[in-house]
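next come a sequence and a model predicted from it.
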Amino acid sequence: MTWNDEIVEEVRRVRQEHAAKFAYDISAICADIRRQQAESGREVVSSAGEKTGKNEPDKKESDLLKTA
């Protein structure tokens, strides 16, 4: 017997649809998410900022992709 959670299924569906809009290009997906965050007017807090004392990650996304 398989247990399905409707909320989890919806989140996965929305994530899949969003990724497909950008041909699964992680840089484009992240850029769109950042755009949505900026347009929302809400404060965005990065957990990376807790370690460094600032609200931005130490490395740029492009730097992380180069080392992967």
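Nice, I can see it.

number of nearby residues for residue 44?
11 (other Cβ atoms under 10 Å). The C-beta positions use only the backbone N, C-alpha and C, and glycine is treated the same way.

and for residue 22?
Residue 22, neighbours per other Cβ under 10 Å, totals 14.

excluding covalently adjacent residues, which one is nearest to it?
residue 28 (3.9 Å; Cβ to Cβ, 6 or more residues apart in numbering).

next, count neighbours for the one you found.
When counting by other Cβ under 10 Å, one arrives at 13 neighbours for residue 28.

just the pLDDT at it, thanks.
You'll see residue 28 listed with a pLDDT of 96.

over to the one 4 residues further on?
At residue 32, the predicted lDDT confidence score is 96.

verify the stated contact: it with residue 22.
Yes: between residue 32 and residue 22 there is a contact under Cβ atoms under 8 Å: 6.5 Å.

what's the neighbour count on residue 7?
By other Cβ under 10 Å, neighbour count at residue 7 equals 7.

and it, what helix or strand is that in?
Assigned by DSSP states H and E, residue 7 belongs to helix 6-21.

how about residue 43?
Residue 43 belongs to no helix or strand, assigned by DSSP H and E.

can you list the weak-confidence ranges in this protein?
Under the criterion pLDDT under 70, the flagged ranges of the chain are 1, 48-68.

how about 80 then?
Counting by pLDDT under 80, the ranges of the chain that qualify are 1-2, 44, 46-68.

where's residue 30 relative to residue 8, distance?
Between residue 30 and residue 8 the computed distance is 22 Å (Cβ to Cβ, to the nearest Å).

ok, those two, which is more surrounded?
Ranked by neighbour count (other Cβ under 10 Å), residue 30 and residue 8 place residue 30 first, with 12 against 9.

roughly how far apart are the more buried one and residue 9?
Computed with Cβ to Cβ, the distance linking residue 30 and residue 9 is 24 Å.

now do residue 39
Counting by Cβ to Cβ, the gap from residue 39 to residue 9 is 27 Å.
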